[in-house]
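*Asks:* Just to be clear, the model below is a prediction. Sequence and coordinates:
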Amino acid sequence: MSAEVTKTANESRPSNLSRQRLLRSLLPAVSLVLVLLLIWGFNPRAISYFGLNLMLNLAIPIALATIAQMCVMATNELDLSIGAFVGYVACVTGTFMATEPALAFLMLAGGIVVYMLAAVVIHLRGVPSIVVTLGLSFFWGGLALLIRPTPGGVAPEFLTAFLSWQPPFVPLPVVLAIVLALSVHVLLMRSSYGAILRGSGGNERAIRRAGWSILKAKVAMFALAGFFGILSGMLLVGVSSSADATMASGYTLLSIAGAVIGGAEFVGGRISPIGAVIGALVLQLASSALNFFQVPFLPGGRIPQEWQVGAQGVFLILILAARVLISRSSSK
Amino acid sequence: MTALMRPALELSGVSRSFGAVRALSGVTLTIEAGKCLGLVGHNGAGKSTLMNILAGALRPDQGTLLFDGQTMDNVTVASAQKLGVRCVFQELSLCPNLTVAENARVLHPSIKGLGWRKRAGKLIGDMLDRIFPGHDIKPDALAADLSIGRRQMVEIARAFTVTDGGQLRLVILDEPTSSLDATTARQLLAFVREEIRTGVSCILISHMLGEVLDYSDQIAVMKNGQLVATGPVSDFDRQSLVDLMSGGEHPDRGVHARAAHKFENAPIAVRAERAGRGLPFIARHGEVIGLAGLAGHGQTEFLVSVYDAAKKSRSEIHVDGEVCFVAGDRQSDGVFPLWSIADNIAVNSLRVLRNRGLLARSLEHALAQKWGSVMNIKAPSLEDEILSLSGGNQQKALFARALATTSSVVLMDDPMRGVDIGTKLDVYDIIAKEAAEGRSFVWYTTEFEELEYCDRIYVFQNGRIVSELAGDEITEVGVIGSSFKDSNAA
């Protein structure tokens, strides 16, 4: 009903709305800078080549999982299995990749096929995605435990070699984050089929009426999610050099939080790959930042470890509150 | 039919059922190339079904479609597109999260590869320039950021775009002007006539009978899934169309102005004196007040501010009693799509439906039954889902929701948009009856005929009230004159 406003408001409306959109899209970047400044304030040495390497190398698997989640969210669905799936991929990678690479790749490719089948079931049978993916999360978790009942395994050599590469000037995790953000941005935001993929989340009927297959779009997005989930699991093994069935169980919620911080919404096909990657980095840095904070009245002057998850929550609330304030300020 | 007249599309014996409901039965219709066919009928008469069949979105159960003399067996959305059939659907079908250019691309699979955004943007931008000269829509604007009227303009322009030697054969416009103001509506209809001269055919579905009579070459009238009349436009006039559509149910009920009432002594229900917003606004108990002017000039905003003022008093607007709101955009502001009809009606009255603090199902049921029958909602059961109703009946449910409350002021935000004339006449009667019992109605409408039902009207321009008309002053000339007044002089 507020779609029709006065003419004077109409004229200022597009610029008003686009300014709001600009502010909102800058929000993840601003949060990232703020977190980095905080860390720098407490410990300037942390913002260095090696400091960033150390703080961010665990952020890249999370960023990949976040991108996977974002692909699913673009179709108005939600993936509650991504954490378990990343754990499964990690167990496959840590157990078979070094000795039987062909088998390992087959098992991982199977993961993508299952993701695509899930999309088919969700679309054709109308089963809510949270039901299907919740079920799948137990499926992946069980498989991972079968493959690797106890933590262990080895990271394949090519992964450790790749992750120990030190590019000049810019730490590897930063390079990876930029490459990931830009390539997914081109894929989903700039390509012509990307418009169809996002449109299927925005107005499914409109896309169908224009003659496109929604099933195909959904399957494509879920396949992408599976693909990025696999990259996430493999890098996670590379970083931590061993595998464990539950090592990524926190990723499900982290990926949702990261995507939302980055500007994605649960319905309407609104996504931002660059924002999602930044959102994942912010979440990871926010928990690292706590290690540096000096709080005089606490024992040892440090914030205890067990508060770190809570701190991630506080950051999430602050960023989302800022987003709501931006939306509200310009609608007034 | 002379030899020159080449049929673009012939339908014969087309039928389609949804479960037990026969939406179309045996429709036989010819659409000639280079002609505009006006299609009128109630909501639920089968127009949308017919349109979806032509667009390839639905398969007919029986009957044949001849396109350019060739039988089309399996029309799909894609093959209809290829044949040059385009539809502008009544519910807007743009993707809100995509830009105008990206939305244009959705319709044209051939726009791809490097530079596709520029090409798509130019395609839609050029067409907007042709149809709506002077528009201010940028190809890189997000559809969600555009007002409903601008979104409709984009959707219309998109339907007329062609790429790669494709040809436009038939454009189906379903209520294309329902969200447009008079000027843009005229631009569109003039453009349609121009396109028709190049051999394109057009089906114009509209509840604005004047529009259909003025801009069509032929008219087809539908009722209950059947064609009840077809012929050249000269065979019809407004009254005969109303009679055909309503099947004589409302033989004498054309459009009549409300009998003049005197309200000077009635207590004031709403008083608004907004600084810098033109004339003061006063609505007395029992009055029906119309808000006129071009679409989107602050009428909806005014209604919202009155609504807010009733909840939280404001210095500029005083409201006596409770208010309720009948939304115009029922998809986004009106219905709860997953709820039953009864729940949708009762939701604003929950406070009086309590029994010992809990919701009493029986009271709720009784309330819904009462207002469902007052509004004459056509449904097998009020426990059915609201989306099982036709658009007009959904709107009736929204009226029932508002009238079932104890509110003394009813705010209406162009609630009759795209509603069939039978429903409209029913609702007009109920408004008159409720007003006689002391309720006030503040009614924003984009249709001039509805203003004739009002006791007084306020004309809006650029968010300001520029004039007040009462009684005999309420004429089309008077309203349009006020709407286009020089704002400095007002």
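*Replies:* Thanks, I have the structure now.
*Asks:* Restricting to C-alpha, output the helix or strand hosting residue B:429 in PDB.
*Replies:* Here residue B:429, judged by DSSP states H and E, is contained in helix B:421-436. Output in PDB follows, covering the C-alpha atoms of helix B:421-436 (Å, rounded to 0.1, in the frame of the first residue of the first chain):
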ATOM      1  CA  ILE B 421     -18.600  -5.200 -12.000                       C
ATOM      2  CA  GLY B 422     -21.000  -7.500 -10.200                       C
ATOM      3  CA  THR B 423     -18.900  -7.500  -7.100                       C
ATOM      4  CA  LYS B 424     -18.500  -3.800  -7.300                       C
ATOM      5  CA  LEU B 425     -22.200  -3.200  -7.400                       C
ATOM      6  CA  ASP B 426     -22.700  -5.500  -4.400                       C
ATOM      7  CA  VAL B 427     -20.100  -3.600  -2.400                       C
ATOM      8  CA  TYR B 428     -21.400  -0.200  -3.400                       C
ATOM      9  CA  ASP B 429     -24.800  -1.200  -2.000                       C
ATOM     10  CA  ILE B 430     -23.300  -2.300   1.300                       C
ATOM     11  CA  ILE B 431     -21.200   0.900   1.600                       C
ATOM     12  CA  ALA B 432     -24.400   2.900   1.100                       C
ATOM     13  CA  LYS B 433     -26.200   0.800   3.700                       C
ATOM     14  CA  GLU B 434     -23.300   1.000   6.300                       C
ATOM     15  CA  ALA B 435     -23.000   4.700   5.800                       C
ATOM     16  CA  ALA B 436     -26.600   5.200   6.400                       C
END
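*Asks:* I'd like the mean pLDDT over that helix, please.
*Replies:* Averaging pLDDT along helix B:421-436 yields 86.
*Asks:* Against which helices or strands is it packed?
*Replies:* Using 3 or more C-beta pairs under 8 Å, 6 or more residues apart in numbering or on different chains; DSSP states H and E, the elements in contact with helix B:421-436 are helix B:238-246, strand B:288-292, helix B:391-403, strand B:440-444. For every residue, glycine as well, the C-beta is placed using N, CA and C.
*Asks:* Buried ones in that helix, by neighbour count?
*Replies:* The neighbour-count check on helix B:421-436 (16 or more other C-beta atoms under 10 Å in any protein chain shown) flags B:421-428, B:430-431, B:434-435 as buried.
*Asks:* who wins for proximity to chain A among the helices and strands packed on helix B:421-436?
*Replies:* Chain A lies closest, by C-beta to the nearest C-beta, to one member of the helices and strands packed on helix B:421-436: strand B:440-444, at 9.2 Å.
*Asks:* ok now the next helix or strand after the closest one, how far from the chain's centre?
*Replies:* Next helix or strand after strand B:440-444 toward the C-terminus (DSSP H and E): helix B:448-451. Put simply, helix B:448-451 sits 14 Å off its chain's centre (C-alpha atoms, centre = their mean, to the nearest Å).
*Asks:* What is helix B:448-451 packed up against?
*Replies:* By 3+ C-beta pairs under 8 Å, 6+ apart, helix B:448-451 packs against strand B:288-292, helix B:476-483.
*Asks:* Can you convert the helices and strands packed on helix B:421-436 into a markdown table and add a column each for distance to chain A?
*Replies:* What follows is those, written out as a markdown table (distance: least, C-beta to the nearest C-beta, whole Å):
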| stretch | distance to chain A |
| --- | --- |
| helix B:238-246 | 27 |
| strand B:288-292 | 12 |
| helix B:391-403 | 12 |
| strand B:440-444 | 9 |
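*Asks:* Make CSV from these and add mean pLDDT and mean neighbour count to it.
*Replies:* Formatted as CSV, the helices and strands packed on helix B:421-436 follow (pLDDT from 0 to 100; neighbours: other C-beta atoms under 10 Å in any protein chain shown):
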stretch, mean pLDDT, mean neighbour count
helix B:238-246, 77, 17
strand B:288-292, 90, 26
helix B:391-403, 86, 25
strand B:440-444, 92, 27
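*Asks:* Would you convert the ones you listed into a markdown table that also reports distance to residue A:178?
*Replies:* Converted to a markdown table, the helices and strands packed on helix B:421-436 look like this (distance: least, C-beta to C-beta, whole Å):
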| stretch | distance to residue A:178 |
| --- | --- |
| helix B:238-246 | 63 |
| strand B:288-292 | 54 |
| helix B:391-403 | 50 |
| strand B:440-444 | 51 |
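*Asks:* Residue B:465: which of these is closest?
*Replies:* Smallest distance to residue B:465 across these (C-beta to C-beta): 8.7 Å, for strand B:288-292.
*Asks:* Using PDB, write down the CA coordinates of the helix or strand just after the closest one.
*Replies:* Following strand B:288-292 in sequence order, the next helix or strand is helix B:299-311 (DSSP H and E). Taking C-alpha atoms only, helix B:299-311 is exported to PDB below (Å, rounded to 0.1, in the frame of the first residue of the first chain):
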ATOM      1  CA  GLN B 299      -3.900   9.400  -1.400                       C
ATOM      2  CA  THR B 300      -2.600   6.100   0.000                       C
ATOM      3  CA  GLU B 301      -0.200   8.000   2.300                       C
ATOM      4  CA  PHE B 302      -3.000  10.100   3.600                       C
ATOM      5  CA  LEU B 303      -5.100   7.000   4.400                       C
ATOM      6  CA  VAL B 304      -2.100   5.400   6.200                       C
ATOM      7  CA  SER B 305      -1.500   8.600   8.200                       C
ATOM      8  CA  VAL B 306      -5.200   8.700   9.300                       C
ATOM      9  CA  TYR B 307      -4.900   5.000  10.300                       C
ATOM     10  CA  ASP B 308      -1.800   5.800  12.300                       C
ATOM     11  CA  ALA B 309      -3.400   8.800  13.900                       C
ATOM     12  CA  ALA B 310      -6.300   6.600  15.300                       C
ATOM     13  CA  LYS B 311      -3.800   4.400  17.000                       C
END
